[in-house]
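Visitor: below is the sequence, then the predicted model.
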Amino acid sequence: MSTPTSPQPLDLPASTLSDADRQRLNSPLTISSGNKTVQLHSRVLQAPLSGVTDLVFRRLVRRYAPQSMMYTEMVHASGICSARKMDKVMDIDPDERPISIQLFDCRPDFMAEAAEKAVAEGADTIDINMGCPVNKITKKGGGSSLLRQPEVAEAIVQAVVDAVDIPVSVKTRIGWSDDEINILDFAQRLEDSGAAMLTIHGRTRSQGYNGPAKWNWIRKVKETVSVPVIANGDINSLDAAIACLSQTGADGVMCSRGTLGYPFLVGEIDHWLQTGERRPAPSLPEQLICARDHLQGLWDYKGQRGLFQARKHMTWYVKGFPGSADLRQQLSRMNSLEEGLALLDQADSLALAAIA
């Protein structure tokens, strides 16, 4: 996971959403396939992020966005099928609703079996990853490589839909490269195979996370299929979310890298859609309190492994004041909970001094 980039300036003000769009986006979103239905009371979703969206992170996001759909980290279906006990990435709190478990693989039978296990764990929906651009995933036929294998993608969706009694969604990209943008045909195939919702990341696999997301293709998908379409890519601020919803006509937005070190974002967007008011941005000290909670939570949940995972998270939180660069370097090497908490205390002192 790379460090999130700064939001890019947008040329659309918050007032560009029509009254009709505001009313539509302030109503519940129904994800339905036959008699399999889930109703969401928020149109803002937290994306599945490998190495990030564990139970601890989801709790923080949900603190500010209690009704938003959360997603687990991406789970390898074949690993789940062969494991003697369930992978920790599928841990779900009993009261953690709504929640989706995201699976990836290229074999329909493994995906179907893994989906059944995910339902047993408490998933409200199953999400299928067909967008991950990472080589180790695509070389094995998973993630965005399925954009080049539409028949396999159809078979996977059909197998999972037949295996479970909850809605199945797909997260994908607009194509493999600028020369292979096939999302319109691909999206129609997914819907025809039983996908109840599509999340479209407006980049190609070749782009990775570079360059602007091509939101115009998300609008084309929305005009092509009848199932809900969620827009993803460059949703790194409230203004970006409003601009994206205005340009795409999507049924909601999914926040990804914009929440790294800033788990407030989903709640800020949801609050605006629900009320039309901007929630005041958290102060630097408030952000650092959240960082402490995150660090402590990872330690309590995973021990030393959680501490090592917390290194990257802490560097995402600590920024925007004199001395933060040096503290980030130290946090990236912390070896104990006490060391990390002491460094966050230093960050808090520097942040308060910068405000004074």
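Guide: Looks like it arrived, so ask away.
Visitor: after the helix or strand of the chain with the lowest mean pLDDT, next one along is what?
Guide: Lowest by mean pLDDT, DSSP states H and E among the helices and strands of the chain is helix 77-82, with a mean of 73. Downstream of helix 77-82, the first helix or strand assigned by DSSP states H and E is strand 99-104.
Visitor: roughly how far out does the helix or strand following that following strand sit from the chain middle?
Guide: Remark: after strand 99-104, the chain's next helix or strand is helix 108-121, criterion DSSP H and E. Chain-centre distance of helix 108-121: 21 Å, with CA atoms, centre = their mean, to the nearest Å.
Visitor: how big is the angle separating the following helix or strand past helix 108-121 from strand 99-104?
Guide: Next helix or strand after helix 108-121 toward the C-terminus (DSSP H and E): strand 125-130. Relative orientation of strand 125-130 and strand 99-104, computed by axes from the mean of the first three to the mean of the last three CA atoms, to 10 degrees: 30 degrees.
Visitor: strand 125-130 packs against which elements?
Guide: When contacts are defined as 3 or more CB pairs under 8 Å, 6 or more residues apart in numbering; DSSP states H and E, strand 125-130 sits against strand 99-104, helix 108-121, helix 150-163, strand 168-175. No exception for glycine: its C-beta is placed from N, CA and C like everyone else's.
Visitor: go through the ones you listed and name the closest to D185.
Guide: helix 150-163 (7.1 Å; CB to CB).
Visitor: quick one: average confidence on that closest one?
Guide: Taken as a whole, helix 150-163 carries a mean pLDDT of 97.
Visitor: what does stretch 317-324 give?
Guide: On average, stretch 317-324 scores 91.
Visitor: also stretch 19-30?
Guide: On average, stretch 19-30 scores 91.
Visitor: determine how far the last residue of that stretch lies from the first.
Guide: 20 Å (CA to CA, to the nearest Å).
Visitor: let me see the backbone angles for the residue most central in space within the chain.
Guide: Taking CA atoms, centre = their mean, the centroid of the chain lies closest to A47, which sits 0.7 Å from it. Backbone torsions of A47, given as degrees, to the nearest 10, read phi -70, psi 150.
Visitor: ok, now the one 3 residues further on?
Guide: Phi and psi for S50, reported as degrees, to the nearest 10, are phi -60, psi 130.
Visitor: I'd say it and V75 touch.
Guide: No. Here S50 does not reach V75: they are 9.8 Å apart, not a contact under CB atoms under 8 Å.
Visitor: circling back: and the residue nearest to the centre of the chain, what does it touch?
Guide: T53, Y71, K171, T199, N232, M254, C255, S256, T259 (CB atoms under 8 Å, 6 or more residues apart in numbering).
Visitor: which residue ranges of the stretch 251-356 of the chain form strands?
Guide: 252-255 (DSSP state E, counting those that start in this stretch).
Visitor: where does it dip in pLDDT?
Guide: Counting by pLDDT under 70, the low-confidence segments of the stretch 251-356 of the chain come to 356.
Visitor: cutoff 80 now
Guide: For the stretch 251-356 of the chain, residues meeting the criterion pLDDT under 80 lie at 354-356.
Visitor: same check, this time on the stretch 1-150 of the chain
Guide: Looking at the stretch 1-150 of the chain by pLDDT under 80, you get 1-16, 34, 78-90.
Visitor: try 50 this time
Guide: When residues are selected by pLDDT under 50, those of the stretch 1-150 of the chain lie in 1-15.
Visitor: still on that earlier bit, I'd like the helices and strands packed on strand 125-130 laid out as CSV, including mean neighbour count.
Guide: Shown next, in CSV, are these (neighbours: other CB atoms under 10 Å):
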stretch, mean neighbour count
strand 99-104, 26
helix 108-121, 20
helix 150-163, 20
strand 168-175, 28
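Visitor: between those, which gets nearest to L284?
Guide: Nearest of the helices and strands packed on strand 125-130 to L284, taken as CB to CB: strand 99-104 at 30.8 Å.
Visitor: now the helices and strands packed on strand 125-130 in CSV, with distance to P212?
Guide: Formatted as CSV, the helices and strands packed on strand 125-130 follow (distance: least, CB to CB, whole Å):
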stretch, distance to P212
strand 99-104, 25
helix 108-121, 32
helix 150-163, 26
strand 168-175, 12
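Visitor: right, and the ones you listed - which one's nearest T37?
Guide: strand 168-175 (12.3 Å).
Visitor: for the following helix or strand past the closest one, packing partners?
Guide: Following strand 168-175 in sequence order, the next helix or strand is helix 183-192 (DSSP H and E). Here helix 183-192 touches helix 150-163, strand 168-175, strand 197-204, helix 215-224, going by 3+ CB pairs under 8 Å, 6+ apart.
Visitor: these: which one's closest to Q329?
Guide: Shortest separation from Q329 across these is recorded for strand 197-204, at 30.5 Å, computed as CB to CB.
Visitor: quick check: angle from that closest one to strand 168-175?
Guide: 20 degrees.
Visitor: tell me which strands strand 197-204 pairs with, and in which orientation.
Guide: Sheet pairing of strand 197-204 (DSSP bridges) gives strand 168-175 (parallel), strand 229-232 (parallel).
Visitor: I'd like the average pLDDT over the longest one.
Guide: It refers to strand 168-175. The average pLDDT within strand 168-175 is 97.
Visitor: and A351, how close does it get to E154?
Guide: As judged by CB to CB, to the nearest Å, A351 and E154 stand 51 Å apart.
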